[in-house]
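Student: Need coordinates for the following:
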Amino acid sequence: MSDKTPSSEPVSPSKSSWRDVWHVYAEAATLRMLFLGFSAGLPLLLVFGTLSFWLREAGIDRTTIGYLSWVGLAYGFKWVWAPLVDRMPIPLLTRLLGRRRSWLLLSQAVIITALVGMALTDPKVALQPVVWCALAVAFGSATQDIALDAFRIESADTPRQAALAAAYQTGYRIAMIWAGAGALWIAARAEVGDAATYQHGAWQVAYLVMAVSMLLGVATVLLSPEPAARVLPRARNAAEWLKTALVDPFADFLRRYGKQALLILALIAIYRISDVVMGIMANPFYVDMGYTKDEVAAVTKIYGVVMTLVGAFVGGALAMRFGVMRVLMLGAVLSAGSNLLFAWLGTRGHDVNALVFVISADNLSSGIASAAFIAYLSSLTNVNYSATQYALFSSMMLLLPKFLAGYSGKYVDTYGYTNFFTATALLGLPVLILVALASRLKTPETRQD
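Tutor: So this is what the prediction gives:
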C-alpha cells in the first residue's frame, strides 16, 4: 500500500452528494465501529468523571482528586508500547484471531479484571488499591485504543475515515452515557436507607455492572473480520526489529512532513486542552453545587451525550463535505467559548435549567471538534505504521492537557470555580493560531525546501 499524501487539507472535501455521504453510515465497517467505540468509551469515565464523583462523595479532597487524574497519563504515553501492539504477535491468540483482534481481546480482559478490582475496594477505607486498579484500567484502555485505532484506519479508505470517526464517536458517547449516567443511576438505585450518606455497596454494584458491560466489546471483536493482513518484512535480528517497530514509524512521519511536522505536532498537543483540563473538575463541581446523582445523570450524562452525538454526526458530515481544517477551527472556537458558560453557571447556584443550557452548548461543541480532530489525525498516518503513528498523535493530544489537569483541584481550592473555568477558556486561544497556520501548509510535492 502506498503512503498517504499529506496536504494542507488532509481530508479533501467530498464531491459526492449528501445522499452518498450519509449512506456511508450504513456500511458494515461503520456499524462495527459503533460497537467498538462503545468498548473504547466505557473505561474512560470510570477512571475519570465517574470516579471523581465517587471519590468526592467518599470525602476525598479536590486537590487529591486532581492529582489522581494523572492516572490518565497512561493514555499520554501509549506511544511507548504502541510498536509492540503494532507488530508483536500474542502467542496463540494472534494465530486464531489476527494481530488487531488479538490485542483488542487481551486489552479488554485487562479492563474487565481491573474494573472488578475497583468495585471490590472502598476508597474511603483504602485509596491506594483503587488507584492501582484505576491505573490497570487506564493501561488496558490505552492499549485497546492503540489496536482499535489501527483496526479503524485499516478498515476503510481515507474518504470514509470521517464517517468511521463519527460512528466511533457515537458508540464512544453512548458508552459514556452508560459509564456516566448509567453508573450514577445504578449507584443511586442501589443505595439503602439515607441516600445522603456515602455507601460503598452502591458504587460496588455500579462498577460490577460496568465490568459486565465490557462484554459487548468482546463479542464484537470475536464476530468482526480481521482487516486485510499486511506482509511485514522479517527482521533478521533484535536490532533490526527495534528499528522497524520503533524508529521507522516516527522517521516516516518526519520524512513525509519535514518542517511541517513541528507545527502539526504542536497543534495535536494542545487542540483539546480546554476541554481536558476543565473536565477533571466538572463532577466535583456538580457535587459542590448541590446537584444530585439523578440530576447529573439525566442532564450531563444522558442529554449532554446526546448533544455530543449530534455534534459528532454534524462534524463528521461537515468534514466530509467541506474539509477537516475548517471544522477544526470551528471546533476550537466553540470548545474554548463553551468553558466560559461554566464560569457563568458557577454564579447561578443550584439551577437545573441553566445546567441544561450550558451542557447543550458544551457537548455540541465537543462533538463537532472530536469528529473533525479524529479524521485529521487519521489522515496524517501512513497505513504501514497505523497503530504506532496514531498512538503517537492521540498520546500527544492528552499528554500536556492531562498533566496540567492534575493541578486543577489545587487551582480550584485556591481561586474558585469561576476563575478556573475562565482560565481553561483562555488556554484555547493558542489553538486558534495553530489551526490557522496549519491550514496554510503546502503539500510536500509543492513545497520548496
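Student: any idea of the mean pLDDT in the lengthiest helix in the chain?
Tutor: Longest helix of the chain, by residue count under DSSP state H: helix 352-380. The average pLDDT for helix 352-380 rounds to 85.
Student: any idea which helix or strand comes after it?
Tutor: Where DSSP states H and E defines the elements, the next helix or strand beyond helix 352-380 is helix 386-405.
Student: what packs against that following helix?
Tutor: helix 73-76, helix 82-87, helix 127-153, helix 248-257, helix 260-270, helix 273-279, helix 352-380 (3 or more Cβ pairs under 8 Å, 6 or more residues apart in numbering; DSSP states H and E). (C-beta placed from N, C-alpha, C; glycine too.)
Student: What residues sit buried inside stretch 357-372?
Tutor: Neighbour-count burial for stretch 357-372 flags 358-372 (criterion: 16 or more other Cβ atoms under 10 Å).
Student: if we look at that stretch, which residues are touching it?
Tutor: Applying Cβ atoms under 8 Å, 6 or more residues apart in numbering, the contact partners of stretch 357-372 are 162, 165-166, 169, 173, 271-272, 275, 299-300, 303-305, 307-316, 318-319, 324, 327-328, 330-332, 334-335, 337-339, 341-342, 344-345.
Student: Low-confidence ranges, the stretch 301-449 of the chain, go.
Tutor: 383, 386-387, 442-449 (pLDDT under 70).
Student: For Ser224, what are phi and psi?
Tutor: phi -90, psi 150 (degrees, to the nearest 10).
Student: That one against Leu34, yeah?
Tutor: No. Ser224 is beyond contact range of Leu34, at 11.6 Å (criterion: Cβ atoms under 8 Å).
Student: In contact with Ala190, which residues?
Tutor: Counted by Cβ under 8 Å, 6+ apart, Ala190 has contacts Gln199, Gly201, Ala202, Val205, Ala206.
Student: Check the gap between it and Val205 for me.
Tutor: For Ala190, the distance to Val205 equals 4 Å [Cβ to Cβ, to the nearest Å].
Student: likewise Ile273?
Tutor: 35 Å.
Student: which of these two has more neighbours?
Tutor: Ile273 (23 against 18; other Cβ atoms under 10 Å).
Student: Could you report the separation of the more buried one from Ala147?
Tutor: Counting by Cβ to Cβ - Ile273 and Ala147 are separated by 26 Å.
Student: Same check on Cys133?
Tutor: For Cys133 relative to Ala147 (Cβ to Cβ), the value is 22 Å.
Student: more neighbours, the two?
Tutor: Regarding Cys133 and Ala147, a neighbour count based on other Cβ under 10 Å identifies Ala147 as having more, with 27 against 22.
Student: right, and that one touches Gly98 too?
Tutor: No. When contacts are counted by Cβ under 8 Å, Ala147 is not listed as touching Gly98 (10.5 Å).
Student: before we move on, back to that, out of the helices and strands packed on helix 386-405, flag the one nearest Phe53.
Tutor: helix 273-279 (12.3 Å; Cβ to Cβ).
Student: what's the spacing between that closest one and its chain's center?
Tutor: 12 Å (Cα atoms, centre = their mean, to the nearest Å).
Student: For the next helix-or-strand element following it, list every residue counted as buried.
Tutor: Remark: after helix 273-279, the chain's next helix or strand is helix 282-288, criterion DSSP H and E. Buried positions in helix 282-288, judged by neighbour count with 16+ other Cβ under 10 Å: Ala282, Asn283, Pro284, Phe285, Tyr286, Val287.
Student: Quick check: the gap between the last one and Ala405.
Tutor: To tie it back to what came earlier, the one meant is Val287. 17 Å.
Student: Equivalent analysis for the fourth one, please.
Tutor: In this structure, Phe285 lies at 14 Å from Ala405, with Cβ to Cβ as the measure.
Student: What of Val327?
Tutor: 25 Å.
Student: now swap in Leu426 and tell me
Tutor: 15 Å.
Student: Any idea how far stretch 271-290 is from the middle of the chain?
Tutor: 15 Å.
Student: That stretch: end-to-end distance?
Tutor: Chord length of stretch 271-290, first to last residue, is 32 Å (Cα to Cα, to the nearest Å).
Student: and if you look at stretch 221-228?
Tutor: Span of stretch 221-228 from end to end, Cα to Cα: 15 Å.
Student: pLDDT averaged over it - what is it?
Tutor: On average, stretch 221-228 scores 84.
Student: How far off centre is that stretch?
Tutor: On Cα atoms, centre = their mean, the centre of stretch 221-228 falls 22 Å from the chain's centre.
Student: Tell me which residues are up against it.
Tutor: 32, 36, 39, 97-101, 104-105, 108, 151, 154-155.
Student: make it 6 Å
Tutor: With contact meaning Cβ atoms under 6 Å, 6 or more residues apart in numbering, stretch 221-228 is reached by Arg32, Gly98, Arg101, Leu104, Leu105, Glu154, Ser155.
Student: Give the buried residues for the host helix or strand of the fourth one.
Tutor: What it means is Leu104. Secondary structure assigned from DSSP H and E places Leu104 in helix 99-119. Buried residues in helix 99-119, counted by 16+ other Cβ under 10 Å: 99-108, 110-112, 114-119.
Student: The closest residue in space to Met214 that isn't next to it in sequence and Leu42: what is the separation?
Tutor: Closest residue in space to Met214, ignoring its immediate chain neighbours: Ile112 at 4.9 Å, by Cβ to Cβ, 6 or more residues apart in numbering. Remark: distance between Ile112 and Leu42 (Cβ to Cβ) = 10 Å.
Student: cool, Glu27 as well?
Tutor: On the measure of Cβ to Cβ, Glu27 and Leu42 end up 24 Å apart.
Student: Name the residue in those two with the higher neighbour count.
Tutor: Ranked by neighbour count (other Cβ under 10 Å), Glu27 and Leu42 place Leu42 first, with 30 against 16.
Student: Let me know the secondary structure of the more buried one.
Tutor: Put simply, Leu42 is helix when judged by DSSP: H, G, I helix; E, B strand; the rest coil.
Student: Without its sequence neighbours, what residue ends up closest to it?
Tutor: The nearest residue in space to Leu42 (Cβ to Cβ, 6+ apart) is Ala175, at 4.2 Å.
Student: ok, then the element right after whatever helix or strand the one you found lives in?
Tutor: Here Ala175 sits within helix 161-177, counting by DSSP H and E. Using DSSP H and E, the next helix or strand after helix 161-177 towards the C-terminus is helix 183-190.
Student: just to revisit the earlier point, can you tell me which of the contacts of stretch 357-372 end up in helices?
Tutor: Per DSSP H, the subset of these in helices is 162, 165-166, 169, 173, 275, 304-305, 307-316, 318-319, 324, 327-328, 330-332, 334-335, 337-339, 341-342, 344-345.
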